[in-house]
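Chemist: Provided below for reference: sequence and predicted model.
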Amino acid sequence: MIQKLAAAALFFSLAWPAGAEEYRIFISVDMEGLAGAMSGQQVSHDGIDYPRFREFMTEEVNAVIDGARAAGTTQFVIADSHGNKQNLLIDHLPDGVEVVSGDPRPLSMMQGIDDGKYDGVIFVGYHASASNIQGVMAHTMSGGTVFEMLINGQAATEGLINAAIAGEYGVPVIMVSGDDAAVEEVANAVGDMERAAVKRAINARSGITMTPAAAQALLREKAEAAVARIGDFKPFKIGSPVTLDLTFRRPERAEILSWLPIVERTGVQSIRYQADSILGIQYFLKFALTYPGN
């Protein structure tokens, strides 16, 4: 019996080095940036291929969890962040994770980042911004509503906004996955992070993709690498004040929002709003893109 206990102790000492850190990671997962996703038929709730891509979405998250666990992560909070935010097959997720699900919610894709301490954020399945002419299914927050969104004069990808929200809570983004245009756009705007490009964009509706198995292997590798060097990453901060320039596809929303004294009308379809922090911008965006604009 003593020999068995000694052997078990040796095994765990080798598998888990003494003094190893234990981390808590926040995962925000979208769908447009998944391997193989090229059209709304795959990522829209009424699309013929949507059920299969829910599986791919869940499997990509599981791959990230596997990789991050190999480097010492013990706790995960996953924000389902696409569409109505009820896409993940939660019965296919491993034990020991929590899922933020449903909409509306004030922090949207980052809901839960304010719930305790995190060591890092990972973006999975992200897409490029509305200003990006290359990214697959590129848009910012609402493709049917928003033509262009700028933060402090810079084209705003969802990754930039979400990284800044994480930065308000002192948490760095350590990894991003999606097509090559999305990954490059987020990392160039935010800073050093592990990058996992699971497909190469040709244009908004086509690309060259990895197979799901190959993409999942890459995600495991990059997630493990990200957590292994987690001390290298710094929270992304946007100084105060923060200016939002928002151009809608139709003028009605700009017209109605301009009736608010806090909003400036800057064009037929455009408005400007200023806040003290990215959180104020996020709350305004959630209102501006949720209320009926007709």
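Modeler: Thanks, I have it. This is a predicted model, so every value here is computed, not measured.
Chemist: Just the helices from the stretch 151-294 of the chain, written as ranges.
Modeler: Taking DSSP state H, counting those that start in this stretch to define them, one finds helices in the stretch 151-294 of the chain at 158-168, 180-190, 212-228, 251-257, 278-290.
Chemist: Can you pull the poorly scored residue ranges out of this protein?
Modeler: 1-20, 293-294 (pLDDT under 70).
Chemist: ok and the strand ranked longest in it relative to helix 212-228, angle-wise?
Modeler: Longest strand of the chain, by residue count under DSSP state E: strand 194-203. Taking axes from the mean of the first three to the mean of the last three CA atoms, to 10 degrees, one finds that strand 194-203 is oriented at 140 degrees with respect to helix 212-228.
Chemist: Check the offset of strand 194-203 from the chain's centre.
Modeler: Centroid separation for strand 194-203 versus its chain: 15 Å, with CA atoms, centre = their mean, to the nearest Å.
Chemist: Check which helices and strands it is in contact with.
Modeler: Judged by 3 or more CB pairs under 8 Å, 6 or more residues apart in numbering; DSSP states H and E, strand 194-203 is in contact with strand 173-179, helix 180-190, strand 206-209, helix 212-228. Where you see a C-beta, it was placed from the backbone N, CA and C, and this is true even at glycine.
Chemist: Packed most tightly, which of the ones you listed would that be?
Modeler: Per residue and on average, the most neighbours among these fall to strand 173-179, with a mean of 30 (mean count of other CB atoms under 10 Å).
Chemist: now stretch 276-287, how far from the chain's geometric center?
Modeler: Here stretch 276-287 is found 17 Å from its chain centre; the criterion is CA atoms, centre = their mean.
Chemist: next one: stretch 30-50
Modeler: 16 Å.
Chemist: Give the bridge partners for R272, please.
Modeler: Beta-bridge pairing for R272 (DSSP bridges): D245, E264.
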